[in-house]
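K.L.:
Generate coordinates for the sequence data below:
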Amino acid sequence: MTTVTEINEAMVFSLRKDRSPQEVKLLQLEWAVITQLDGDKSVGQIAENLALNGKEIREIFKKLNQENLLELVERSDEDQTVPPEFFDKLNHEMTYLLGPVAGIVMNDVLDVMRKDKNNFEKKYLASLVDMLTCQIDDPIKQIDFQKSIYKAVKSYLF
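P.N.:
Just a heads-up that it's a prediction; the model follows:
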């Protein structure tokens with residue numbers, strides 16, 4: 001078990017198996033956070049899901065941690081992020097279908113998603129592909145795009 005002294009939005013927690021939240025008096029919002037603990041969502045994602053600001057979510061996680069209910073999920077960055085060369089393939093396929101504006105379209109979609117291709121998490125790949133597909137007007141080209149990158153996406157997800 002890793003001791004956590006400072007909570008940040010990139011951290012991922014799961015509920016400890018040897019301690020029940022029912023043993024502790026929790027507020028409704030704290031229970032809402034407990035329901036989000038799946039060992040996959042980050043503190044920031046949980047805050048976004050529950051419409052909490054940074055200070056609120058850190059306070060809740062601090063209390064849950066003090067009550068010994070949390071277990072930090074340790075993962076390497078390589079396990080969670082897509083390598084930059086994936087975006088080279090994606091840009092190549094988009095350029096084939098959209099022309100020279102493909103890079104701008106991809107950057108715009110990443111901005112809308114509030115994500116960076118240098119630190120892009122695998123769990124957002126499907127959303128990225130869907131959003132990029134919507135930028136292609138021709139339905140046949142949409143299918144061609146999805147087919148062309150399916151193998152690459154699949155290799156990063158599985």
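K.L.:
Quick one: mean pLDDT over the helix or strand where Asn107 lies.
P.N.:
Under the criterion of DSSP states H and E, Asn107 resides in helix 102-113. Computed over helix 102-113, the mean pLDDT rounds to 92.
K.L.:
what distance separates it from the centre of its chain?
P.N.:
Centroid separation between helix 102-113 and its chain, computed with C-alpha atoms, centre = their mean, to the nearest Å, is 17 Å.
K.L.:
tell me which strands and helices it is in contact with?
P.N.:
On a contact count with 3 or more C-beta pairs under 8 Å, 6 or more residues apart in numbering; DSSP states H and E, helix 102-113 meets helix 84-98, helix 125-134. Every C-beta, even on glycine, is put in place using the N, C-alpha and C of the backbone.
K.L.:
Let me know the angle separating the first one from helix 125-134.
P.N.:
Note on geometry: by axes from the mean of the first three to the mean of the last three C-alpha atoms, to 10 degrees, helix 84-98 and helix 125-134 are set 20 degrees apart in direction.
K.L.:
Next, the residues that contact helix 84-98 from outside, please.
P.N.:
Outside helix 84-98, the residues within contact range by C-beta atoms under 8 Å, 6 or more residues apart in numbering are 102-103, 105-106, 117-118, 120, 132, 135-136, 141, 144-145, 148-149, 152, 156.
K.L.:
Now with 7 Å, please.
P.N.:
With contact meaning C-beta atoms under 7 Å, 6 or more residues apart in numbering, helix 84-98 is reached by 102-103, 105-106, 117-118, 132, 136, 141, 145, 148-149, 152, 156.
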